[in-house]
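> okay, here's the prediction I keep looking at, along with the sequence it came from:
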Amino acid sequence: MKTHWIAAALVSSTLAMACAGSGENTANSAPAAAPAPEQAATSQAAPPAPSPTAEAARPEPAPAARPKPAPARTASAPVRLEEAPRAAAPPRPRFREVSAPTGTELALELTTPLSTETAQIETPVTARLRRSVVVNGLTVFPVGSVFYGNVTEVERAGRVRGRSHLAFRFTEVEIAGQRDQARTNVLSFEGEATKSEDATKVGAGAGIGAVIGGIVGGGSGAAKGAAIGAAAGTGTVLATRGRDVVLPAGSEIAATLSSPFEVRVEVE
């Protein structure tokens, strides 16, 4: 029995060695195994590798512009609001000092009536300028300027001295609603003389007296009558005042400056 088992083992080992040798020859002569499906798909999809010359000729794409980030606003920085542009200021007017010298004539027209019969010392007097006063091309006193003054002297015609007297002067001027000092020389006016009229009155009285005396007492009576008539005529003259100075409103007068008048005039 033991001999049968040993023989079987030898036969088995011989068969095994024969099978092994035939297997190695088959493996050596068999073609290469086909690649796996995943590897085949990868090899077909992959494009051919570019040559170095083509890589050098291809231009590089420009980098995409990135938006600049907004500057960070700090909490402490004040927020400025843009203001609308301001309109240009108009040019300031220019002024020049101009002076009317002493003796400058003023053509005036009285706006208040005056008379030696009613006027008194310090009675107000007003007048309006009829013509502008221009110095070096600049107007010092425009037409319509109002002058203010007062009566300085007044005297009615007496019974013996038959002439009246009135005087006044201006001290201020009003231009465009503003008053300034502007002094003039005194303006003086005399009443009309009445000496010839007085002589006529005396002569008439003497003649009438002579006629009456001649009728009553002859030659001597005429002489006495003339003397009496002359005395009566003289009495009439003494009892009558002379003529008053009368200057109605609208009277034209000419005053002159007693001192220079300076004014600031706007020029273009």
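Here it is on my side, so go on. Keep in mind that this is a model prediction, so the values were computed, not measured. Numbering: from 1, shown residues only.
> in the protein, which ranges drop under the pLDDT threshold?
Residues of the chain that meet the criterion pLDDT under 70 lie in 1-85, 91-93, 159-162, 194-241, 268.
> which secondary structure element contains residue 188?
Assigned by DSSP states H and E, residue 188 belongs to strand 187-190.
> count the neighbours of the nearest residue to residue 164 once chain neighbours are set aside for me.
The shortest distance from residue 164 to any non-neighbouring residue, by Cβ to Cβ, 6 or more residues apart in numbering, is to residue 191 (3.4 Å). The C-beta positions use only the backbone N, C-alpha and C, and glycine is treated the same way. Around residue 191 there are 20 other residues, counting by other Cβ atoms under 10 Å.
> ok, now residue 115?
Residues near residue 115, counting by other Cβ under 10 Å, number 16.
> for it, give its distance to residue 108.
To residue 108, residue 115 is 18 Å away according to Cβ to Cβ, to the nearest Å.
> before we move on, what about residue 190?
Per Cβ to Cβ, residue 190 is found 19 Å from residue 108.
> and residue 152, by the same measure?
In this view, residue 152 and residue 108 are 16 Å apart by Cβ to Cβ.
> do the same with residue 98
Computed with Cβ to Cβ, the distance linking residue 98 and residue 108 is 21 Å.
> neighbour count for those two, which is higher?
Per other Cβ under 10 Å, whichever of residue 98 and residue 108 has more neighbours is residue 108, with 23 against 18.
> hmm, residue 250 and the more buried one touching each other?
No: if you go by Cβ atoms under 8 Å, residue 108 and residue 250 don't touch, sitting 11.0 Å apart.
> residues contacting the residue nearest to residue 108 when sequence neighbours are not counted?
Of all residues not flanking residue 108 in the chain, residue 127 sits nearest, at 4.0 Å (Cβ to Cβ, 6+ apart). With contact set as Cβ atoms under 8 Å, 6 or more residues apart in numbering, residue 127 has these partners: 108-112, 146-147, 149, 170, 253, 255.
> now residue 127, which residues is it bridged with?
On the basis of DSSP bridges, residue 127 is bridged to residue 110, residue 147.
> residue 180 now?
In beta-bridge terms (that is, DSSP bridges), residue 180 pairs with residue 173.
> quick one: it and residue 172 touch, right?
Yes: counting by Cβ under 8 Å, residue 180 touches residue 172, with 6.8 Å between them.
> higher neighbour count, those two?
For residue 180 versus residue 172, neighbours defined as other Cβ under 10 Å are more numerous around residue 172 (14 against 11).
> isn't residue 142 right up against residue 173?
No: the criterion here is Cβ under 8 Å, and residue 142 misses it with residue 173 at 10.4 Å.
> neighbour count winner among these two?
Neighbours per residue (other Cβ under 10 Å) separate residue 142 from residue 173, with residue 173 holding more: 24 against 13.
> who's in contact with that one?
Contacts for residue 173 (Cβ under 8 Å, 6+ apart) come out as 141, 145-148, 179-182, 261.
> one step back: any of the contacts of residue 127 buried? List them.
The neighbour-count test (16 or more other Cβ atoms under 10 Å) marks 108, 110, 146-147, 149, 170, 253, 255 as buried among these.
> hang on, the earlier thing: in the strand holding residue 188, what counts as buried?
Result for strand 187-190 [16+ other Cβ under 10 Å]: buried residues 187, 189.
> try stretch 254-266
255, 257-258, 261, 263.
> what sits up against it?
Contacts for stretch 254-266 (Cβ under 8 Å, 6+ apart): 93-108, 127, 138-141, 147, 169-170, 173, 175, 180, 182-185, 187.
> list the contacts for residue 137?
By Cβ under 8 Å, 6+ apart, residue 137 has no neighbours at all.
> hang on, I meant residue 104
Contacts were defined as Cβ under 8 Å, 6+ apart; by that measure residue 104 touches 133, 140, 256-257, 261.
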